[in-house]
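[1] This is the structure alone, sequence omitted:
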């Protein structure tokens with residue numbers, strides 16, 4: 001039963017983390033080009049070993065310290081391994097890193113020893129919002145998939161030195177598009193018309209990485225002319241294009257794990273499920289699998305929430321919700337405090353996350369349903385039964401309790417809690433004989449872990465006939481009289 005409970009509590013978390021990791025993995029997989037890419041040039045048949053390779057770093061999700069470090073490392077790696085250019089494939093709704101960290105990254109891209117290209121892709125719903133969008137104002141080559149959008153850059157960064165030629169006065173430059181991008185966004189067509197892109201592309205945009213590499217051929221960046229495609233004559237006398245080798249890279253396993261933990265739904269679920277598992281372990285009087293898993297989840301949850309723009313009062317509400325749930329778990333019956341816990345968890349979950357420029361990080365319906373629904377299922381149905389089962393003795397051997405006297409802890413009509421033999425028990429009485437808090441009761445039978453009780457005196461006749469325990473001294477005297 002205990003292992004089953006652990007599985008039930010942890011399953012929603014594992015499902016959500018698995019979906020998040022799967023989505024990240026799919027985003028990190030090199031995109032498959034269509035059979036006939038929409039380009040006026042002949043199809044590229046083979047990779048040329050004579051051309052210097054092009055590195056591609058795939059970046060998805062919110063920009064944080066991990067992503068910034070990965071881009072820095074990719075620039076150094078491209079400069080040291082003979083790459084003629086580095087392309088950043090980006091799909092991001094914003095940043096949770098500090099402005100200073102992002103300004104440093106923008107300056108690093110502006111002064112990189114290798115030409116930097118930025119491609120917003122790989123699909124039409126890709127975005128580059130917030131301060132990271134300013135990278136497109138300093139990169140050597142920029143392009144977008146048709147349907148994607150960029151914007152919400154905020155105030156443009158002033159660089160301290162090492163500006164590229166396209167910058168004016170040491171500032172990131174988007175030309176005529178700067179005002180539109182400050183508090184709004186542009187589609188591919190709009191960005192192209194306003195001159196925000198640094199690549200001559202047709203109206204269809206740049207649909208694939210292959211198209212991006214092909215379009216970069218002949219671009220002059222930092223005094224160097226990119227040579228990404230070569231032409232040769234095949235055996236039939238026709239022209240055949242050979243593209244340079246494209247080397248894909250992505251975040252390492254540990255970096256990918258920590259980056260995923262800092263995503264809003266995963267951080268939220270890690271936090272609340274971890275605390276729920278710790279409460280479960282506390283009330284089951286042991287330190288086992290649930291306690292270890294709960295501690296790990298809380299650690300990752302706190303890490304993720306610390307990286308996100310959370311409202312501190314909402315985090316406090318979530319913690320207070322857990323405390324309220326624990327109060328009724330101790331009693332063994334969902335009561336007022338369970339309702340308080342549900343209310344606190346709903347409000348805390350809804351207002352937990354703030355905003356980044358251009359993006360509302362508020363949790364979607366799926367993580368909210370899993371989180372709030374899981375808490376209600378756990379603390380209303382699961383935990384009280386689990387605690388009673390954990391601390392109750394088997395039915396066999398409890399016959400001695402029949403006839404024992406006790407006290408009603410609260411109102412019992414028809415169910416409630418009683419104190420018998422120094423322990424709290426779930427109890428049920430006849431609807432014709434409701435009991436008030438403090439009333440003396442007698443155990444007449446046992447149904448699993450629930451005691452069937454009646455008033456010590458004055459019980460309903462139709463119920464008392466089923467009483468099977470010994471009579472009190474007072475009743476014996478009345479019978480003799």
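    Arrived safely, thanks for sending. Bear in mind the structure is a predicted one, so any value in this text is a computation, not a measurement.
[2] Could you count how many residues lie near residue 310?
    Per other CB atoms under 10 Å, the neighbour tally for residue 310 reads 21. For glycine as for every other residue, the C-beta is placed from the backbone atoms N, C-alpha and C.
[3] Could you give the average pLDDT over stretch 306-320?
    For stretch 306-320, the mean pLDDT works out to 92.
[4] Quick one: residues contacting the residue lying closest to residue 116 once chain neighbours are set aside.
    Using CB to CB, 6 or more residues apart in numbering and skipping the chain neighbours, the partner closest in space to residue 116 is residue 139 (4.7 Å). Going by CB atoms under 8 Å, 6 or more residues apart in numbering, residue 139 touches 88, 109, 116-118, 198.
[5] gap between residue 139 and residue 130?
    Remark: distance between residue 139 and residue 130 (CB to CB, to the nearest Å) = 16 Å.
[6] Going by neighbour count, which of the contacts of residue 139 comes out on top?
    residue 118 (30 neighbours).
[7] Quick check: which element contains that one?
    Here residue 118 sits within strand 116-120, counting by DSSP states H and E.
[8] got it, and residue 293?
    Applying DSSP H and E as the criterion places residue 293 in helix 289-307.
[9] buried residues in the very next helix or strand once past that helix?
    Downstream of helix 289-307, the next assigned helix or strand under DSSP H and E is helix 312-331. Buried residues in helix 312-331, counted by 16 or more other CB atoms under 10 Å: 314, 317-318, 321-322, 324-326, 328-329, 331.
[10] likewise stretch 55-75?
    By neighbour count with 16+ other CB under 10 Å, stretch 55-75 contains the buried residues 55-68, 70-71, 74-75.
[11] how close does residue 323 sit to residue 282?
    Distance from residue 323 to residue 282, by CB to CB: 12 Å.
[12] Please disregard the earlier target; I meant residue 188.
    To residue 282, residue 188 is 54 Å away according to CB to CB.
[13] the more surrounded of these two?
    Neighbour count, other CB under 10 Å: between residue 188 and residue 282, residue 188 has more, with 24 against 16.
[14] got the phi/psi numbers for the more buried one?
    Dihedral pair for residue 188: phi -60, psi -50, per degrees, to the nearest 10.
[15] isn't it right next to residue 147, touching?
    Yes - using CB atoms under 8 Å, residue 188 is in contact with residue 147, at 6.9 Å.
[16] Mutual contacts of those two, please.
    residue 205.
[17] So which of the contacts of residue 139 is the closest to residue 443?
    residue 88 (72.3 Å; CB to CB).
[18] Can I take it that the closest one is in a strand?
    Yes - assessed with DSSP: H, G, I helix; E, B strand; the rest coil, residue 88 lies in a strand.
[19] What residues are bridge-paired with the spatially closest residue to it that is not a sequence neighbour?
    Closest residue to residue 88 apart from its sequence neighbours, by CB to CB, 6+ apart: residue 118 at 5.0 Å. Beta-bridge partners recorded for residue 118 (DSSP bridges): residue 88, residue 142.
[20] what secondary structure does residue 403 sit in?
    coil.
[21] Isn't it up against residue 445?
    No - between residue 403 and residue 445 there is no contact under CB under 8 Å: 10.1 Å.
[22] which residues touch residue 404?
    By CB under 8 Å, 6+ apart, the neighbours of residue 404 are 420-421, 442-443, 469.
[23] again, but for residue 351
    With CB under 8 Å, 6+ apart, residue 351 has these contacts: 311, 314.
[24] So what does it look like in phi/psi?
    phi -100, psi 10.
[25] Give me the distance between it and residue 318.
    Computed as CB to CB, the residue 351 to residue 318 distance reads 10 Å.
[26] residue ranges with poor pLDDT in the stretch 351-481 of the chain?
    Along the stretch 351-481 of the chain, segments meeting pLDDT under 70 span 385-399, 431-432, 448, 458-481.
[27] how far away is residue 336 from residue 378?
    Using CB to CB, we find residue 336 at a distance of 18 Å from residue 378.
[28] So what's the residue count around residue 291?
    Count around residue 291 with other CB under 10 Å applied: 17.
[29] In this structure residue 419 contacts residue 409, no?
    Yes - Residue 419 lies in contact with residue 409 (CB under 8 Å); the separation is 5.7 Å.
[30] residues touching the residue nearest to residue 412 when sequence neighbours are not counted, list them.
    Using CB to CB, 6+ apart and skipping residues adjacent in sequence, the residue nearest residue 412 is residue 435, 4.3 Å away. Going by CB under 8 Å, 6+ apart, residue 435 touches 408, 411-413, 416, 429, 441, 453, 455.
[31] Mind checking which of the residues you listed land in helices?
    With DSSP state H as the criterion, helices contain none of those.
[32] Closest to residue 223 out of those?
    Nearest to residue 223 among the contacts of residue 435: residue 416, at 84.1 Å, using CB to CB.
[33] wait, what's in contact with the closest one?
    Counting by CB under 8 Å, 6+ apart, residue 416 makes contact with 333, 408-410, 426-427, 429, 435.
[34] Strands - which of the residues you listed land there?
    408, 426-427, 429 (DSSP state E).
[35] quick one, the strand or helix carrying residue 271 and helix 312-331 angle?
    According to DSSP H and E, residue 271 maps onto helix 264-283. Per axes from the mean of the first three to the mean of the last three CA atoms, to 10 degrees, the angle that helix 264-283 makes with helix 312-331 is 30 degrees.
[36] Helix 264-283 packs against which elements?
    helix 2-28, helix 253-261, helix 289-307, helix 312-331, helix 336-350, helix 365-376, helix 383-391 (3 or more CB pairs under 8 Å, 6 or more residues apart in numbering; DSSP states H and E).
[37] so how far is it from its chain's centroid?
    Mean C-alpha position of helix 264-283 versus that of the full chain (CA atoms, centre = their mean, to the nearest Å) differs by 13 Å.
[38] could you check the angle helix 336-350 makes with that helix?
    160 degrees.
[39] I'd like the mean pLDDT over helix 264-283, please.
    On average, helix 264-283 scores 88.
[40] Next: stretch 151-162.
    Mean predicted confidence for stretch 151-162 is 77.
[41] buried sites along it?
    Neighbour count says stretch 151-162 has 151-153, 156-157, 159 buried, by 16+ other CB under 10 Å.
[42] Can you add secondary structure and give these back as CSV?
    Below are the buried residues of stretch 151-162 laid out as CSV (three-state DSSP):
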residue, secondary structure
151, strand
152, coil
153, coil
156, coil
157, coil
159, coil
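[43] any chance of the residues you listed in JSON lines, plus distance to residue 223?
    Formatted as JSON lines, the buried residues of stretch 151-162 follow (distance: CB to CB, whole Å):
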{"residue": "151", "distance to residue 223": "31"}
{"residue": "152", "distance to residue 223": "33"}
{"residue": "153", "distance to residue 223": "28"}
{"residue": "156", "distance to residue 223": "25"}
{"residue": "157", "distance to residue 223": "24"}
{"residue": "159", "distance to residue 223": "19"}
